[in-house]
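> coordinates only, sequence not included:
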């Protein structure tokens, strides 16, 4: 028997060793040291520095930069950015809802292809997709060619380097995020609820309004928050497709840094935007839990 | 899966709508592929004469090639760092007390929610003061933080659906805490880690906002080069070659990951209890 | 296969090592050691999940811990496995105090309710896991894994993935994995709960004979009385965090320590009252004869099958009267509910004649052998 137990751990190795909870806590802390240090150094410190700079930096605490921000030009810019983000969000929701309904409820070739398409979209370069829209929408691009050949218009329409182009491009890029948040929610709706509502005599429209839609609301809300946040901070697409005619708050920040070279002002603008996005993040966590982004993390 | 609320016509209409949206979602992603193999300078979708000359430019022109190599290096550096940190973070958060876990989760996800421009300016003012602008490692580190959520999210989701009793089983069988993580937890996270890594890589490879602040004049990443080209009217067709390469990379990475994830399920279904009782 | 296994285990009980000896090399399989609970308690805030448990499990004993949900049996399991630390008291494995030893250094094999097999490893690697983490040499691992899989008749499934196995097969693999590293004791947490009934009975046989042939100490946690009675040398009944009784299956049924245990194993007619020497006086005033004299507040337990009717009554039996309220056939037995001055009485009769069931409203005289009535005196 003595030789047979030789493969066992020797219990006496650890007199009074740490119990499970203690040991587990210790390991958890060890695991978190590196990522937390990284976040502190490379995320909290830069943003903290930004806050310090926005409050006057070395020249003592003051709110001069924030006062500058109260100028009509920035208020208009903020208003315009929110409006742009809002319209894009609503458009994404309206376009994606029937699509997600289709994916969740109707088995067909288009559903399978679309799921692949949506997932691939999330993987593709934003820069490349934005650039594609220039090729498609420009004066001698495909869309204008088709419109002219069909006789709808005699001369090319200005579809890009303006607001139209920005809306088209932003909706194109943000739609998959809305779709991939809505789809799992709709998919999780219990079909027997719909069936029982119908069997109880509710019309399809009433069933949708009173049963299906309320059940899908959580996905719609979390998808909208996600898209709205991304739209507010979007730079690449509006900058390229707007052709300088569309200005948002993030473009103003870039201008403050690279043209005006007013770093405290850029810092103050960034801090305001930071607070807005953190607020949205907290609301999102309250409503949906951040793991829901991309529809993952749900059982 | 069946549908009750729409009539046959409604369903047909919805399917037609689906096809229309596929056009809207997929075509812009693909349209640059045929453009990139057209020989002349014009941006026509059906090229008259085929040629790979734009790809040749991409790999031979010094500026383009250097940008490509720099971006690849940067993406590898950032995504490896983010993967290590993101996996540690995900495992750590999954084991932390609920309140702490919630706060940490918000912290680790934040780089994805805070606008790139804000993070970019933050790094810019800090790095300017520390004289780190234009450095490869500082830019790579900044990118690592940006892409950490892309690793953290899928890995957390996988951990969340993992049976906690497996950890108990491992401990009861004699595995120490780190042995358990290496032998039991990590192997099961593999698909999620791979997906997170690929996503992080692709995001870093495509990132232009933070890069333009931090890279200084001497360091030109691929997206920055493209950005510049597009700002100048986008007439350099090499850009279409770059986007095509990116597209192929992304599709290959995604196909690889999805087939890899599905592999175990492709095996025959488990046999019934009674049939093969010994 | 099953038949052969039972024969083998029958001889294995006499010579446990013989069956365990593989073709070559040292014999595998160690007998278990004893487990001792000394005033073991686990408190969550002010709530005792386990309260002052004293228990000695002998080496090689099969002991079940049985209780309803919330009785504290799961906490006891977690205490033994090491995932919960006692608030007070000691837990000894053999003669070593393991109260504060982390689980991975305890050398207790645990079979979990859901099997907890590693989905990323095949059957062989699952069973090899405890040996790999102990850095056992490769050829020794192969030898031991082969031995363990053979013991549970899973040798031909070694290369399968876990997801390809049925519930019963997964159970066997979990068992093999828990014995392959020669643990000091085996701990099982409702291991058969997820299996269908027939398979459960088969697996009970196998677990029992495996335990016998290895001489392993098994602590088996379950809420299923039948399973506990079938398998165990002794059963520890828990309720409200306390041990109610630790005894052999027979004694638990015939000599329950208190009304909870009496009610937990099968049905019981319980009479509350006072023992006054040779008679038991119920709260309603009836005097029932006792086999042995006793005194004090007590509960008398009479099992339904001990109740006899009419002419089967003998000298010295209590003679009581009741009205049939309901009769029911349940397979081979007939259940009769009676209304009596002592309260409702339940009786069962084996159907070994063509007698009809007594119709509702029939008045019957009944009684029982005082030797079979069990008196539980309450301190």
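Received the coordinates, thanks. Remember, it's a predicted structure, so these values are computed and weren't measured experimentally. Numbering: from 1, shown residues only, chains lettered A, B, ... in the order given.

> alpha carbons only for contacts and neighbour counts from here, please
OK.

> so for the longest helix seen in chain B, what gets flagged as buried?
For chain B, the helix reaching the highest residue count under DSSP state H is reported as helix B:62-95. For helix B:62-95, burial by neighbour count (16 or more other C-alpha atoms under 10 Å in any protein chain shown) applies to B:64-68, B:70-95.

> now the element after that helix, going C-ward?
Stepping forward along the backbone from helix B:62-95, the first helix or strand reached (DSSP states H and E) is helix B:98-113.

> residues making contact with that next one?
Contacts of helix B:98-113 with the rest of the structure, by C-alpha atoms under 8 Å, 6 or more residues apart in numbering or on different chains, involve A:39, A:43, A:229-230, A:277-278, A:281-282, A:285, A:290, B:89, B:93-95, B:119, B:145-149, B:152-153.

> try it again with 7 Å
The list of residues contacting helix B:98-113 from outside it, by C-alpha atoms under 7 Å, 6 or more residues apart in numbering or on different chains, reads A:229, A:277, A:281, B:93, B:94, B:145, B:146, B:149.

> nearest to residue C:193, of those residues?
Each of those was checked against residue C:193 using C-alpha to C-alpha; the closest is residue B:94, at 28.6 Å.

> the closest residue to chain A within the stretch 151-278 of chain B sits in which helix or strand?
Taking C-alpha to the nearest C-alpha as the measure, the stretch 151-278 of chain B has residue B:157 as its residue closest to chain A, at 3.9 Å. When secondary structure is defined using DSSP H and E, the element that contains residue B:157 is helix B:136-160.

> that helix vs helix B:62-95, what angle?
Direction vectors for helix B:136-160 and helix B:62-95, defined by axes from the mean of the first three to the mean of the last three C-alpha atoms, to 10 degrees, enclose an angle of 40 degrees.

> is helix B:136-160 anywhere near chain C?
No. On the criterion C-alpha under 7 Å from any C-alpha of the partner chain, helix B:136-160 is out of touch with chain C, staying 13.4 Å away.

> in the stretch 151-300 of chain C, which spans are helices?
With DSSP state H, counting those that start in this stretch as the criterion, the stretch 151-300 of chain C has helices at C:167-179, C:197-214, C:225-231, C:249-254, C:259-264.

> so which of these is the most surrounded?
Comparing the helices of the stretch 151-300 of chain C by mean neighbour count (mean count of other C-alpha atoms under 10 Å in any protein chain shown), helix C:167-179 comes out on top with a mean of 26.

> show me what stretch C:28-37 is in contact with.
Stretch C:28-37 has contacts (C-alpha under 7 Å, 6+ apart) with A:1, A:4, C:20-21, C:53-60, C:90-94, C:182, C:184-185, C:214-217.

> now swap in stretch C:226-242 and tell me
By C-alpha under 7 Å, 6+ apart, the list of residues contacting stretch C:226-242 from outside reads C:48-53, C:61-68, C:71-73, C:204, C:208, C:222, C:243-249.

> in strands, which of the residues you listed appear?
Within the contacts of stretch C:226-242, membership in strands is found for C:48-53, C:62-66, C:222, C:243-247, as judged by DSSP state E.

> what's across from residue C:295 in the sheet?
The bridge-partner assignment for residue C:295, based on DSSP bridges, gives residue C:276.

> what's the burial count for it?
14 (other C-alpha atoms under 10 Å in any protein chain shown).

> and if you look at the one 3 residues further on?
The tally of other residues near residue C:298 (other C-alpha under 10 Å) stands at 23.

> show me what contacts the residue nearest to it when sequence neighbours are not counted?
Taking C-alpha to C-alpha, 6 or more residues apart in numbering or on different chains, and ignoring the residues beside it in sequence, residue C:298 has residue C:377 as its nearest neighbour in space, at 4.1 Å. Contacts here follow C-alpha under 7 Å, 6+ apart; on that basis residue C:377 touches C:296, C:297, C:298, C:299.

> repeat that for 8 Å
Residue C:377 sits next to C:275, C:295, C:296, C:297, C:298, C:299 when contact means C-alpha under 8 Å, 6+ apart.

> which of the residues you listed sit farthest apart?
Applying C-alpha to C-alpha across the contacts of residue C:377, the maximum distance is between C:295 and C:299, 11.4 Å.

> who touches both of the two?
C:274, C:377.

> what's the neighbour count on residue B:250?
When neighbours are counted by other C-alpha under 10 Å, residue B:250 registers 22.

> bridging residues for the closest residue to residue C:97 other than its chain neighbours?
If the residues on either side of it in the chain are set aside, residue C:97 comes closest to residue C:91, at 5.8 Å by C-alpha to C-alpha, 6+ apart. For residue C:91, the beta-bridge assignment (DSSP bridges) gives partners residue C:37.

> surely residue C:91 touches residue C:40?
Yes. With contacts defined as C-alpha atoms under 8 Å, residue C:91 counts as touching residue C:40 at a distance of 7.0 Å.

> quick one, which of the ones in strands among the contacts of stretch C:226-242 are buried?
C:48-53, C:62-66, C:222, C:243-247.

> what does chain C put close to chain A?
C:26-30, C:82-85, C:96, C:98, C:100-103, C:105-107, C:131, C:134, C:136, C:181-183 (C-alpha under 8 Å from any C-alpha of the partner chain).

> so residue A:157 is in which element?
When elements are assigned from DSSP H and E, residue A:157 belongs to no helix and no strand.

> return the residues of the stretch 51-200 of chain C in contact with chain B.
Counting by C-alpha under 8 Å from any C-alpha, the residues of the stretch 51-200 of chain C that sit close to chain B are C:81, C:83, C:103-110, C:112, C:116-120, C:129-130, C:133-134, C:153-154, C:163-169, C:178, C:199.

> what does the pLDDT read for the residue in the stretch 201-350 of chain C that chain B sits nearest to?
Sorted by distance to chain B under C-alpha to the nearest C-alpha, the residues of the stretch 201-350 of chain C start with residue C:202, at 10.1 Å. Turning to residue C:202, the model gives it a pLDDT of 88.

> please apply the same query to residue B:20.
Turning to residue B:20, the model gives it a pLDDT of 90.

> so how far is chain C from it?
41 Å (C-alpha to the nearest C-alpha, to the nearest Å).

> in the one helix or strand that residue maps to, what counts as buried?
In this assignment (DSSP H and E), residue B:20 forms part of helix B:8-30. When neighbours are counted by 16+ other C-alpha under 10 Å, the buried residues of helix B:8-30 are found to be B:11, B:14-15, B:17-19, B:21-22, B:25-30.

> using CSV, lay out the residues you listed together with distance to residue A:206.
Converted to CSV, those look like this (distance: C-alpha to C-alpha, whole Å):
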residue, distance to residue A:206
B:11, 18
B:14, 19
B:15, 22
B:17, 23
B:18, 24
B:19, 28
B:21, 27
B:22, 30
B:25, 32
B:26, 34
B:27, 37
B:28, 38
B:29, 39
B:30, 41
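
> can you tell me which of those residues are up against chain A?
Counting by C-alpha under 8 Å from any C-alpha, the members of the buried residues of helix B:8-30 near chain A are B:14, B:15, B:17, B:18, B:19, B:22, B:25, B:26, B:28, B:29.

> separation between the nearest residue to residue A:153 once chain neighbours are set aside and residue C:304?
By the measure of C-alpha to C-alpha, 6+ apart, the closest residue to residue A:153 outside its immediate chain neighbours is residue A:147, 6.0 Å from it. The gap separating residue A:147 from residue C:304 is 92 Å, by C-alpha to C-alpha, to the nearest Å.
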